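Novice: sequence below, structure please.
(chains A and B)
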Amino acid sequence: EAQVTQNPRYLITVTGKKLTVTCSQNMNHEYMSWYRQDPGLGLRQIYYSMNVEVTDKGDVPEGYKVSRKEKRNFPLILESPSPNQTSLYFCASSRWGRAASTDTQYFGPGTRLTVL
Amino acid sequence: KNQVEQSPQSLIILEGKNCTLQCNYTVSPFSNLRWYKQDTGRGPVSLTIMTFSENTKSNGRYTATLDADTKQSSLHITASQLSDSASYICVVSENTGTASKLTFGTGTRLQVTL
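Specialist: Purely as a prediction, here's the structure:
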């Protein structure tokens, strides 16, 4: 089954404790992206990757890191989490990420992160 | 600043009734417009994608329209079902010339009741 998976689905942590949220897709997609979703706000892009070893900042990259060593995986790293990073996080992928692309973007199930 | 505004914020309708959700955008230059359905606690799922040249697209009981001149789109749901209860998100893609740049609306929360 074609899908985007994220782990963990739920995480409660404390300020400053490094964490990684994993994301994996089995559709051989070139493009992957991370978003956060907060009440009253639309999804906002954190980082994206057009291909292996190619990553770039989205709209809200501060406090986050990513890497893309393999096509299928795109982990999100919070080196020193803070309470304002409490949010619902979504990973997504699509075949291509070019501006004119009409490829469907597939979203993972989400990771609900709480930073105390 | 590129924006996507959706209305209404929330809507309650009876099962079997039709409804229409609105989306206005200021994103420029425009590439395409997408509608997503997001069930509570789940990731968004794509319903339709429309380019500049398309003014209507259907997916089962969902029909999206696009007026690129007025920068408006609507999503019409026919003969609603309880399973249509969800948030519906309008997303506009900006033609940056390089990477895809999506601007998300805040969604319309639809509740279908008996």
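Novice: list the residues that contact the closest residue to A:N28 other than its chain neighbours.
Specialist: Among residues not flanking A:N28 along the chain, A:K71 sits closest, at 6.7 Å (CB to CB, 6 or more residues apart in numbering or on different chains). (Each C-beta comes from the backbone N, C-alpha and C, glycine too.) Counting by CB atoms under 8 Å, 6 or more residues apart in numbering or on different chains, A:K71 makes contact with A:N28, A:H29, A:E30, A:N51, A:V52.
Novice: what's the burial count for the fourth one?
Specialist: Neighbour count for A:N51, taken as other CB atoms under 10 Å in any protein chain shown: 14.
Novice: ok, the last one next?
Specialist: Using other CB under 10 Å, A:V52 has 14 neighbouring residues.
Novice: shouldn't the residue nearest to A:N28 be within a helix?
Specialist: No: secondary structure of A:K71 (DSSP: H, G, I helix; E, B strand; the rest coil): coil, not part of a helix.
Novice: circling back: okay if I get the contacts of A:K71 as a markdown table plus pLDDT?
Specialist: A markdown table is the format used below for these (pLDDT from 0 to 100):
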| residue | pLDDT |
| --- | --- |
| A:N28 | 95 |
| A:H29 | 94 |
| A:E30 | 93 |
| A:N51 | 91 |
| A:V52 | 93 |
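Novice: which ones among those residues lie within helices?
Specialist: Among the contacts of A:K71, DSSP state H puts none in helices.
Novice: for residue 87, grab the count of nearby residues.
Specialist: Since you didn't name a chain, this refers to chain A. A:S87: 21 neighbours (other CB under 10 Å).
Novice: wait, I meant chain B there
Specialist: For B:S87, the neighbour count with other CB under 10 Å is 19.
Novice: same check on the one 3 residues further on?
Specialist: Burial measure for B:C90: 27 neighbouring residues, criterion other CB under 10 Å.
Novice: again, but for B:T70
Specialist: With other CB under 10 Å as criterion, B:T70 counts 8.
Novice: roughly how far does it sit from A:S101?
Specialist: As for B:T70, its distance to A:S101 is 25 Å (criterion: CB to CB, to the nearest Å).
Novice: find the nearest non-adjacent residue to the residue most central in space within chain A, please.
Specialist: Chain A has A:W34 as the residue nearest its centroid, 2.5 Å off, counting by CA atoms, centre = their mean. Take A:W34 and drop its neighbours on the chain: the residue closest to it by CB to CB, 6+ apart is A:I46, 4.3 Å away.
Novice: gap between that neighbour and A:T15?
Specialist: A:I46 is 19 Å from A:T15, by CB to CB.
Novice: more neighbours, these two?
Specialist: Neighbours were counted for A:I46 and for A:T15 using other CB under 10 Å; A:I46 has more, 25 against 11.
Novice: OK, contacts around that one?
Specialist: Listed by CB under 8 Å, 6+ apart, the contact set of A:I46 reads A:S33, A:W34, A:Y35, A:R36, A:G58, A:D59, A:V60, A:P61, A:Y64, A:V66, A:L76, A:Y89.
Novice: so for it, what's the pLDDT?
Specialist: At A:I46, the pLDDT value in this model is 97.
Novice: next: A:A100.
Specialist: With respect to pLDDT, A:A100 has a value of 65.
Novice: spell out which parts of chain A neighbour chain B.
Specialist: A:4, A:31, A:40-45, A:48, A:50, A:56, A:90, A:92, A:94, A:97-102, A:104-110 (CB under 8 Å from any CB of the partner chain).
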